[in-house]
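Engineer: below are the sequence and a predicted model; questions follow.
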Amino acid sequence: MSEVDTVISIDYLMGTVFHADLQMKYIEQETTEGSWFVVSDSEKIHYFRCNKNVINFIKLFDGCKKLSEVLHEAIEDNNFKDGCLNKDDISPVILKLLSMGILYEDGKELEKKHWIKNLKQPMAIKVPLFDPNRLLDFLSVVGDVLLNKYFLFFYAVLFFYSLSLIPTHASEVSYHWDTRFFDPINIFCMLFIYPVLKALHEIGHGLTLKHFGGESKECGIIFLVLMPLPYINTSSSYLFSDKYQRVLVGLSGMLVELLLAMIAWVAWCYSDNVGIVSDILFDIAFIGSFSALVFNLNPLMKFDGYYVLSDVLSIVNLNNRSRQLVGSLFIKHVLKLTKKTDYIAKFEYKWLLLYGVLAIPYRIFISLFIVFYLGSKFFVFGVLLAAWVVVQQMLLPLFRGFVGTYKLAKREKRIGWFFTVLLGSIGVCFILGMAMKFQYGISPSGVVLLNESQQLRAGQEGVITHVFVRHGGHVVAGQKILRMENSSLSNKVSDLKIDIEELTARYDEVRVKDLLTAADLFDQRKGMFLELLEAEKQLNKLEIVAESEGVFVSPRLQDAQGSFVKKGAVVGMVHDQTPLVVTVIVDQIDIDNIRQQLSHISVVLTSTPGVVYRGELLSIVPAASDQLPSRYLGSLEGGDIAVDGSDRSGTKAMRNNFVVQVSVIQESHVSHKPATAQLKFVFNESSFLSRFVSWFEANWSRNFNENY
């Protein structure tokens with residue numbers, strides 16, 4: 001009769017007198033399965049879909065008759081088609097009408113409290129703030145412009161032009177991604193850019209709704225997995241009879257984000273790609289395109305894509321109806337029971353079945369993934385959230401389904417088969433949880449730490465004048481790499497030579513006549529000789545030579561001629577034939593698994609991203625430490641390990657970790673050693689239950705063991 005899947009007895013309400021909200025709204029919509037009505041409360045905040053019978057049923061409530069009398073009158077009324085009404089059919093409808101406030105009892109507040117609704121969805125808590133109508137009225141001119149056919153033509157041209165810029169700027173995007181995107185300052189900027197884009201996203205929904213004559217009564221903040229994001233309630237679009245208007249309302253937020261992303265992308269392509277403005281443009285382009293296309297357009301979660309798909313298919317309440325269909329098929333074909341279900345059109349059947357099969361496991365997986373992630377970051381909160389999600393999204397639906405199906409099986413005298421299937425399902429869960437084993441792993445990032453003999457450092461400051469070896473060229477020990485010039489040092493050597501010549505001449509004049517003066521001049525000349533030797537030694541350091549045979553690596557050195565180099569700066573590297581060793585940081589949670597359960601190691605080098613090499617465990621530093629062997633492993637330089645921001649070296653981690661070294665096997669054809677690598681430690685097979693117990697014990701120790 002309606003899209004309500006709650007099965008609760010209403011016996012306790014049969015003697016109650018209810019009023020109907022005289023200001024409720026409803027509109028008829030034509031679908032492939034016939035005419036249906038969308039009903040809203042007087043505030044146009046809550047909506048649900050029903051057939052003509054429910055509309056006629058609501059009209060029977062006059063504030064004088066008891067519910068039992070209304071139900072009896074409905075059964076006798078000829079206005080009700082498709083069979084007579086009974087208590088089981090109408091129970092969920094009455095409860096839905098009560099929760100929406102369309103039916104109410106004098107002197108009592110029957111609408112569910114807002115905080116109770118939030119408890120049912122702990123990962124998506126809404127906090128209403130104000131009525132956005134005045135804001136949308138003020139911006140309505142903008143909405144009219146954006147929905148103008150000429151602007152839509154401009155939008156299409158901009159879209160294809162933006163696509164055409166991608167191939168020509170691919171290398172610049174890759175370079176910016178590697179050098180700037182994960183910079184701490186840029187990440188800090190994105191924390192502000194993201195909610196601003198989402199606010200404009202929601203305003204886009206509201207403006208489209210206003211353009212087609214709808215109203216929004218509510219906007220506020222929704223805490224989506226603890227992240228505060230703005231929202232505008234545009235559910236009044238359900239009352240639009242034209243489904244394409246409803247589709248456009250659902251798409252408009254993504255279209256606004258994509259518009260901003262395209263403008264930012266074009267501006268970034270024509271900028272010099274340097275500075276904070278360039279970073280902000282790239283962030284807007286990335287967030288506006290990636291989040292819109294990957295998250296909002298995903299129909300398996302209840303974001304914009306879900307509602308758009310529902311309107312395109314003309315299937316209202318797609319999620320609940322697909323779950324009902326999957327449940328009814330299980331009851332019919334597995335439990336061999338007969339259960340009355342809502343009418344499903346032929347074309348709807350395949351879509352509901354496909355959506356249910358895909359969405360149910362996907363949402364469970366996403367929920368568990370979020371719970372485990374939050375549990376790793378905030379253990380106590382994560383465990384409480386996990387317990388609530390399991391109870392709310394798994395145990396309670398299973399319990400309600402168990403009770404309803406048990407009554408059905410008892411009525412049809414199939415209790416034996418019911419418990420057989422129940423015990424079999426428990427056995428399957430036991431096998432999946434304990435008997436079935438699978439491999440798992442971790443994927444940390446690592447760096448290649450080079451020894452001093454492989455690094456070419458400037459022994460003296462100067463300006464590069466000549467580069468003798470190209471990047472990637474083979475060198476031998478003693479071969480010249482580059483030459484620098486230091487005019488002040490060269491002048492100092494010349495001045496010292498002149499001064500020594502003058503002292504030598506004076507010494508030759510007086511060494512026979514005045515022995516004391518000669519001795520003093522001799523000592524001065526000796527000191528100048530020593531100073532000259534040191535100056536010439538420093539002058540020789542302006543010429544850098546290879547200390548060993550190998551491959552010279554310095555990608556940008558050819559473009560550095562004429563640039564100034566500070567003393568001690570690394571100007572290049574010579575990679576010899578020593579084995580490649582990657583250093584990684586491993587959390588204490590995983591170190592025991594590496595010691596005892598390690599199966600194999602895979603390594604992907606940044607220089608050859610398409611090739612997977614085999615790794616071999618070389619060493620594990622015995623004691624955990626908060627000091628990182630390289631700042632490039634820390635979060636300040638784009639690494640995975642969170643470091644103390646007050647430590648200027650960037651090598652002090654927020655908690656103790658283990659240093660692990662892995663040698664790379666069969667990398668002889670690698671032209672030179674990369675700076676970074678991605679590793680995967682794969683562990684021996686274990687059951688899901690044992691993995692969960694290990695995860696729980698490790699996080700418990702991390703949070704409550706002082707020595708951890």
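Structural biologist: Arrived safely. Numbering: from 1, shown residues only.

Engineer: show me the helices in the stretch 601-708 of the chain, by range?
Structural biologist: Taking DSSP state H, counting those that start in this stretch, the helices of the stretch 601-708 of the chain run over residues 688-704.

Engineer: which stretches in it count as strands?
Structural biologist: Assigned by DSSP state E, counting those that start in this stretch, the strands in the stretch 601-708 of the chain fall at 612-620, 625-627, 652-665, 676-687.

Engineer: likewise the stretch 451-600 of the chain?
Structural biologist: All strands of the stretch 451-600 of the chain, identified by DSSP E, counting those that start in this stretch, fall at 455-457, 462-467, 474-475, 480-485, 543-545, 550-553, 564-565, 570-575, 581-586, 598-605.

Engineer: out of these, which one sits most buried?
Structural biologist: Among the strands of the stretch 451-600 of the chain, strand 581-586 has the highest mean neighbour count (mean count of other Cβ atoms under 10 Å), at a mean of 23. In short, each C-beta sits where N, CA and C put it, glycine included.

Engineer: centre of the chain to it, how far?
Structural biologist: In terms of Cα atoms, centre = their mean, to the nearest Å, the gap separating the centre of strand 581-586 from the centre of its chain is 25 Å.

Engineer: name the residues of the longest helix along the chain that are buried.
Structural biologist: Across the chain, the longest stretch assigned as helix under DSSP state H is helix 346-377. Across helix 346-377, burial judged by 16 or more other Cβ atoms under 10 Å covers Glu348, Trp351, Leu352, Tyr355, Gly356, Ala359, Ile360, Ser367, Ile370, Val371, Leu374, Gly375.

Engineer: now do that helix: which elements does it pack against?
Structural biologist: Helices and strands in packing contact with helix 346-377 are listed as helix 318-333, helix 379-390, helix 688-704; criterion 3 or more Cβ pairs under 8 Å, 6 or more residues apart in numbering; DSSP states H and E.

Engineer: repeat that for 10 Å
Structural biologist: Contacting helix 346-377 under the criterion 3 or more Cβ pairs under 10 Å, 6 or more residues apart in numbering; DSSP states H and E are the following elements: helix 304-313, helix 318-333, helix 379-390, helix 688-704.

Engineer: elements contacting the second one?
Structural biologist: What it means is helix 318-333. The helices and strands touching helix 318-333, judged by 3+ Cβ pairs under 10 Å, 6+ apart, are helix 304-313, helix 346-377, helix 396-411, helix 415-430.

Engineer: what is the mean pLDDT for the first one?
Structural biologist: I take that to be helix 304-313. Here the mean pLDDT over helix 304-313 is 87, rounded to a whole number.

Engineer: got the CA positions of that helix in PDB?
Structural biologist: As requested, the backbone C-alpha atoms of helix 304-313 are provided in PDB (Å, rounded to 0.1, in the frame of the first residue of the first chain):
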ATOM      1  CA  ASP A 304      22.800  12.700  -5.100                       C
ATOM      2  CA  GLY A 305      23.400   9.800  -7.400                       C
ATOM      3  CA  TYR A 306      20.900   7.600  -5.600                       C
ATOM      4  CA  TYR A 307      18.000  10.100  -5.900                       C
ATOM      5  CA  VAL A 308      18.900  10.900  -9.500                       C
ATOM      6  CA  LEU A 309      18.800   7.200 -10.400                       C
ATOM      7  CA  SER A 310      15.600   6.800  -8.500                       C
ATOM      8  CA  ASP A 311      14.000   9.600 -10.500                       C
ATOM      9  CA  VAL A 312      15.400   8.400 -13.900                       C
ATOM     10  CA  LEU A 313      14.000   4.900 -13.300                       C
END
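
Engineer: that older thread, would you list the helices and strands packed on helix 318-333 in JSON lines and tack on distance to Ser99?
Structural biologist: Shown next, in JSON lines, are those (distance: least, Cβ to Cβ, whole Å):
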{"stretch": "helix 304-313", "distance to Ser99": "21"}
{"stretch": "helix 346-377", "distance to Ser99": "23"}
{"stretch": "helix 396-411", "distance to Ser99": "17"}
{"stretch": "helix 415-430", "distance to Ser99": "31"}
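
Engineer: His474: which of these is closest?
Structural biologist: helix 346-377 (46.7 Å; Cβ to Cβ).

Engineer: just to revisit the earlier point, out of the helices and strands packed on helix 318-333, which is closest to Asp508?
Structural biologist: Of all the helices and strands packed on helix 318-333, it is helix 346-377 that lies closest to Asp508, at 81.3 Å by Cβ to Cβ.

Engineer: so which of the strands of the stretch 451-600 of the chain gets nearest Lys25?
Structural biologist: Comparing those by their distance to Lys25 (Cβ to Cβ), the top pick is strand 598-605, with 58.4 Å.

Engineer: what secondary structure does Pro299 sit in?
Structural biologist: Under the three-state scheme (DSSP: H, G, I helix; E, B strand; the rest coil), the conformation of Pro299 reads as coil.

Engineer: so who does it touch?
Structural biologist: Taking Cβ atoms under 10 Å, 6 or more residues apart in numbering as the definition of contact, the neighbours of Pro299 are 305-310, 312-313, 318-319, 355, 358-359.

Engineer: would you mind measuring from it to Lys210?
Structural biologist: Pro299 is 25 Å from Lys210, where distance means Cβ to Cβ, to the nearest Å.

Engineer: and for Ser216?
Structural biologist: Where Lys210 is concerned, Ser216 sits at a distance of 8 Å (Cβ to Cβ).

Engineer: mind giving me the domain ranges of this protein?
Structural biologist: Taking automatic domain parsing as the domain assignment, the record places the domains of the chain at 11-112, 124-313, 329-435, 452-574, 575-704.

Engineer: now His211. Nearest residue, chain neighbours left out?
Structural biologist: Nearest-residue entry for His211: Gly143, 4.8 Å, with adjacent residues in sequence omitted and distances by Cβ to Cβ, 6 or more residues apart in numbering.

Engineer: returning to that earlier point: among the helices and strands packed on helix 318-333, which is nearest Lys537?
Structural biologist: If you check each of the helices and strands packed on helix 318-333 against Lys537 by Cβ to Cβ, helix 346-377 wins as the nearest, at 54.8 Å.

Engineer: would you agree Leu98 is in contact with Asp21?
Structural biologist: No. The criterion here is Cβ atoms under 10 Å, and Leu98 misses it with Asp21 at 11.0 Å.

Engineer: identify the contacts common to those two.
Structural biologist: Among the neighbours of Leu98, those also in contact with Asp21 (Cβ under 10 Å, 6+ apart) are Tyr104.

Engineer: just the CA atoms of the strand or helix carrying Phe223, as PDB, please.
Structural biologist: Phe223 is part of strand 219-224 when elements are defined by DSSP states H and E. Included here for strand 219-224 are C-alpha records, laid out as PDB according to Å, rounded to 0.1, in the frame of the first residue of the first chain:
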ATOM      1  CA  CYS A 219      19.300  23.900   6.200                       C
ATOM      2  CA  GLY A 220      22.100  23.200   8.600                       C
ATOM      3  CA  ILE A 221      25.100  21.000   9.300                       C
ATOM      4  CA  ILE A 222      25.400  17.300   8.800                       C
ATOM      5  CA  PHE A 223      28.200  15.500  10.600                       C
ATOM      6  CA  LEU A 224      29.100  12.900   8.000                       C
END
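
Engineer: pull the number of nearby residues for Val380.
Structural biologist: Using other Cβ atoms under 10 Å, Val380 has 12 other residues around it.

Engineer: check what pLDDT it gets.
Structural biologist: 71.

Engineer: ok, it to Thr168 distance?
Structural biologist: 51 Å.

Engineer: which residue is the nearest non-sequential neighbour of Thr676?
Structural biologist: In space, and not counting its chain neighbours, Thr676 is closest to Thr606: 5.0 Å by Cβ to Cβ, 6+ apart.

Engineer: ok, Ile90 next?
Structural biologist: That would be Leu71: by Cβ to Cβ, 6+ apart, it lies 6.5 Å from Ile90.
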